[in-house]
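Q: For reference, the sequence and a predicted model appear below.
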Amino acid sequence: MSGGSDEVIFEITRIGDVQRVAAVDVATGVEVVVQAPANAALADVRALALRKLERALRGDSEGGANTRPGKLV
């Protein structure tokens, strides 16, 4: 992770047949969310959320930041 801390907070919420996993980098406050089937292994969805968070912290985007539709709020 970038920054001075490698701490990540995970929040797992089950909503029906889906689990929502939020990962928050403590140092920066950057948050990402992934959704997976409720029966998916917890270790797998945490690893997926962590990889997504690492990508968000690096600022990676395929094709550049302004090629995706929508507004940054």
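A: Received the coordinates, thanks.
Q: Model confidence score at the one residue sitting closest to the centre of the chain, please.
A: Centroid-nearest residue in the chain: V32, 3.0 Å away (criterion: CA atoms, centre = their mean). As predicted, V32 sits at a pLDDT of 96.
Q: can you pull out the helices in this protein?
A: Counting by DSSP state H, the chain has helices at residues 42-58.
Q: So which bits of stretch 32-49 are buried?
A: Within stretch 32-49, the residues that count as buried by 16 or more other CB atoms under 10 Å are 32, 34, 36, 45-46, 48-49. Backbone N, C-alpha and C define where each C-beta goes, glycine included.
Q: same check, this time on stretch 10-23
A: Neighbour counts using 16+ other CB under 10 Å place 19-21, 23 of stretch 10-23 among the buried residues.
Q: Report the mean confidence score over that stretch.
A: Across stretch 10-23, the average pLDDT comes to 96.
Q: quick one: the residue lying closest to L48 once chain neighbours are set aside and D25, what's the gap?
A: In this structure, L48 finds its nearest non-sequential neighbour in V34, 5.3 Å apart by CB to CB, 6 or more residues apart in numbering. Using CB to CB, to the nearest Å, V34 is found at 15 Å from D25.
Q: try L48
A: 15 Å.
Q: Correct me if wrong: the residue nearest to the centre of the chain contacts L50.
A: No: counting by CB atoms under 8 Å, L50 is not a contact partner of V32; they are 9.0 Å apart.
Q: Give me the nearest residue to E7, chain neighbours excluded.
A: V26 (3.9 Å).
Q: related to what we said a few turns ago, how about the residue nearest to the centre of the chain, what does it touch?
A: Residues counted as contacts of V32 (CB atoms under 8 Å, 6 or more residues apart in numbering) are 22-23, 49, 52-53, 56.
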